[in-house]
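1. have a look at this fold, sequence not included:
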């Protein structure tokens, strides 16, 4: 409850000052509930100046790689202080080295040494593992490295050994993963045994299973090959014979009577060759697992792995996702081998909704996996101990590049606005999802091509189609909005304190605290207060003057456009106009907008303008203007800057009270 003095003195002049702009943008609460430091309009404002309102700093252009921009990444050379920037444009890769101002094309070669280009309709991501960058192009996985020059090629899939194929898995990157072993040609005179391929990765007791042998033949040898098959329990020493040098018996059916580990041996020779057997003619498959019952867990399809366009590095493993055939699957590489993706390492994150994975974020010791309406986690450091949990089945991330780690939580854009995923303070293995855009939730866009970056103690969320950025001061919990013609930003890159911007048409910008334009495009600070009741909600006020406290700058004047609205009437405005008659006698109205407040530069002797500028160097001063109007509430709007540094400290209103 608030008391108002109804026995006021109508001749007494009153004054109220407003010196706090720290509440930021709030478009949700009614005028009467807004705090006096919250604003329904708060555009291009920097709130990091201890409650003053400053024109935000801008960005400058550093290079252009024209075309359909699909993504940009840092490449780190250990011999260089700053990283190089790789950009994917029109299905090709380009590089801007750290000491260059232009982009150069990097030619990608396929396995036949032909030039390779990738799809142009989707975004592209990359990670660097040691000295090699792996690019998920959405067509093929590409590797890039610098070794006395830039070299890029389609990744050659790693060929697993027989034991690796059985116990780890076949390589999903291969065109045909099951062809991990093939007959070949031997440079020697003997037939060589090179491997045994079981029908299944494990067998069951008393269930027949087929074993296939693979060999190298001597060049030109086409006669039959004889095979001798044997097996034993791994703990035994004596072999049990299955066949004894039968011609072309490369496959054999075996049935095991005990659930344990077995060794299988094949010996090969030319037909009717009675010479001594050489070691290369014998191959032993050791430790083959036989279980009590059949374990025929179906392997998930991996035919779409080459269409993956998203990639993340997690615990020395490379993870691919974005498969257009099975968009809810994730492919996990073998440990420290980004060219080997065992098919058995494929994980399905479908919860029944058939939703694609939109992003995967490394957070603490886990991987947080988002779809459009779910949040899941993958906990563990290896495929043997991975555990999958579901956090939320209604909220997810709709824009993959919007999810960023901020302190001890993740902020992301959902179909309901901006949310934060926070660990439970009492149980770190559980998390809560909370809204963080309550002040602006009705105007928060939900564009799926939004992107974000965390810099300068802020979370910046850019919408390229709208040329708008929403900045969240997460320590204070307040928002502001930026708008200008050069904010069509599709991706941010962050290196230390340097924040790079990549636009839709291939422009590369960097943020600069000494610049107050967006790559040459000027913008104004724009703040509009709520309808202020001047601490007397039911009284009429008679306005007298407005006072403005602002900063002077040594190199430029500060021009300000101030509008004062008394209820529905404009009592102070930078807009004016006049009737003009041209040479043909045509009458027209000419509208003009001119600054109505100006803070001049501090002066030195010899440049002093009497009546306009103070003597000596100024830091700030108060200027005033007369206003006339009778109203219950008053609103003030400030605009200024236009490419120059600008800072507003506060304003005050002088008035007299009238009867309620």
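-> Nice, thanks for sending it over. What you are looking at is a predicted structure, and each value in this text was computed from that prediction instead of being measured.
2. domains in the protein, by residue range?
-> 13-56+525-657, 178-291 (automatic domain parsing).
3. can you put the ones you listed in JSON lines and add distance to residue 7 and mean neighbour count?
-> (Each C-beta comes from the backbone N, C-alpha and C, glycine too.) Listed next are these as JSON lines, based on distance: least, CB to CB, whole Å; neighbours: other CB atoms under 10 Å:
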{"stretch": "domain 13-56+525-657", "distance to residue 7": "10", "mean neighbour count": "16"}
{"stretch": "domain 178-291", "distance to residue 7": "92", "mean neighbour count": "16"}
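4. now those domains in JSON lines, with distance to residue 67 and mean pLDDT?
-> What follows is those, written out as JSON lines (distance: least, CB to CB, whole Å; pLDDT from 0 to 100):
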{"stretch": "domain 13-56+525-657", "distance to residue 67": "29", "mean pLDDT": "88"}
{"stretch": "domain 178-291", "distance to residue 67": "38", "mean pLDDT": "93"}
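5. now do the contacts for the closest residue to residue 590 other than its chain neighbours.
-> In space, and not counting its chain neighbours, residue 590 is closest to residue 580: 5.0 Å by CB to CB, 6 or more residues apart in numbering. Counting by CB atoms under 8 Å, 6 or more residues apart in numbering, residue 580 makes contact with 587, 588, 589, 590.
6. by contact count, what packs against the host helix or strand of the third one?
-> If you go by DSSP states H and E, residue 589 is part of strand 587-593. Where contact means 3 or more CB pairs under 8 Å, 6 or more residues apart in numbering; DSSP states H and E, strand 587-593 is packed against strand 575-581.
7. okay, now the sheet partners of the strand it packs on, with direction.
-> Strand 575-581 pairs in its sheet with strand 587-593 (antiparallel), by DSSP bridges.
8. how far out from the middle of the chain is the partner strand?
-> 48 Å (CA atoms, centre = their mean, to the nearest Å).
9. which residues of this structure fall in helices?
-> 162-167 (DSSP state H).
10. tell me which residue is most central in it.
-> residue 401 (2.8 Å; CA atoms, centre = their mean).
11. can you get me a residue count around the closest residue to that one other than its chain neighbours?
-> Leaving out its chain neighbours, the residue that sits closest to residue 401 by CB to CB, 6+ apart is residue 451, at 3.9 Å. Neighbours of residue 451 under the rule other CB atoms under 10 Å: 24.
12. next, the contact list for residue 654, please.
-> Neighbours of residue 654 in contact, by CB under 8 Å, 6+ apart: 13, 14, 15, 543, 544, 545, 546, 547.
13. I'd like those residues as CSV, with distance to residue 127 appended.
-> Rendered in CSV, the data for the contacts of residue 654 read as follows (distance: CB to CB, whole Å):
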residue, distance to residue 127
13, 66
14, 63
15, 60
543, 61
544, 64
545, 61
546, 56
547, 56
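14. mark which of those residues are part of strands, please.
-> If you go by DSSP state E, these have 13, 14, 15, 543, 544, 545, 546, 547 in strands.
15. closest one of those residues to residue 439?
-> residue 546 (26.7 Å; CB to CB).
16. and the closest one, how far from residue 52?
-> Using CB to CB, to the nearest Å, we find residue 546 at a distance of 18 Å from residue 52.
17. and the residue lying closest to residue 198 once chain neighbours are set aside, how far from residue 186?
-> Of all residues not flanking residue 198 in the chain, residue 211 sits nearest, at 5.6 Å (CB to CB, 6+ apart). Applying CB to CB, the value for residue 211 to residue 186 is 21 Å.
18. pull the contacting residues for the nearest residue to residue 378 once chain neighbours are set aside.
-> Distance criterion CB to CB, 6+ apart; nearest residue to residue 378, sequence neighbours excluded, is residue 367 at 4.3 Å. For residue 367, the contacting residues are 312, 314, 319, 360, 361, 377, 378, 379, by CB under 8 Å, 6+ apart.
19. cool, residue 269 as well?
-> 190, 191, 225, 226, 245, 275, 277, 281.
20. quote the end-to-end distance of stretch 504-522.
-> 20 Å (CA to CA, to the nearest Å).
21. swap in stretch 385-404?
-> 26 Å.
22. show me how far it is from its chain's centre.
-> 14 Å.
23. then stretch 648-657?
-> 44 Å.
24. wait, residue 105 sits on residue 93?
-> Yes. Here residue 105 reaches residue 93: they are 7.4 Å apart, a contact under CB atoms under 8 Å.
25. who has more neighbours, the two?
-> residue 93 (28 against 12).
26. quick check: that one vs residue 70, distance?
-> Counting by CB to CB, the separation of residue 93 from residue 70 is 10 Å.
27. look up how far residue 253 lies from residue 534.
-> 95 Å.
28. coming back round to it: if the residue nearest to residue 401 is in a bridge, with which residues?
-> With DSSP bridges as the rule, residue 451 is bridged to residue 462.
29. surely it touches residue 404?
-> No. Using CB under 8 Å as the test, residue 451 is too far from residue 404 to be in contact (9.5 Å).
30. output the contacts of residue 269 as a markdown table; include the columns distance to residue 25.
-> Formatted as a markdown table, these follow (distance: CB to CB, whole Å):
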| residue | distance to residue 25 |
| --- | --- |
| 190 | 80 |
| 191 | 78 |
| 225 | 79 |
| 226 | 83 |
| 245 | 85 |
| 275 | 88 |
| 277 | 83 |
| 281 | 79 |
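31. in strands, which of those fall?
-> Here DSSP E is the test, and those give 225, 226, 245 as lying in strands.
32. just give the closest residue to the second one, not the sequence neighbours.
-> What it means is residue 226. Residue 226 sits nearest to residue 245 (CB to CB, 6+ apart), 4.1 Å away.
33. correct me, but residue 407 touches residue 474?
-> Yes. Using CB under 8 Å, residue 407 is in contact with residue 474, at 7.1 Å.
34. residue furthest from the geometric center of this structure?
-> Outermost in the chain, CA atoms, centre = their mean: residue 274 at 66.6 Å.
35. which residues sit in contact with it?
-> Applying CB under 8 Å, 6+ apart, no residues qualify as near residue 274.
36. quick check on it: phi, psi?
-> The phi and psi values for residue 274, taken as degrees, to the nearest 10, are phi -100, psi 10.
37. was I right about residue 159 contacting residue 175?
-> No. Using CB under 8 Å, residue 159 makes no contact with residue 175, being 11.9 Å away.
38. those two: who's more crowded?
-> For residue 159 and residue 175, the more surrounded residue by other CB under 10 Å is residue 159, and the numbers stand at 16 against 8.
39. please tell me how far the residue nearest to that one when sequence neighbours are not counted sits from residue 417.
-> Spatial nearest neighbour of residue 159, chain neighbours left out: residue 180 (6.0 Å); criterion: CB to CB, 6+ apart. Distance of residue 180 to residue 417, computed by CB to CB: 48 Å.
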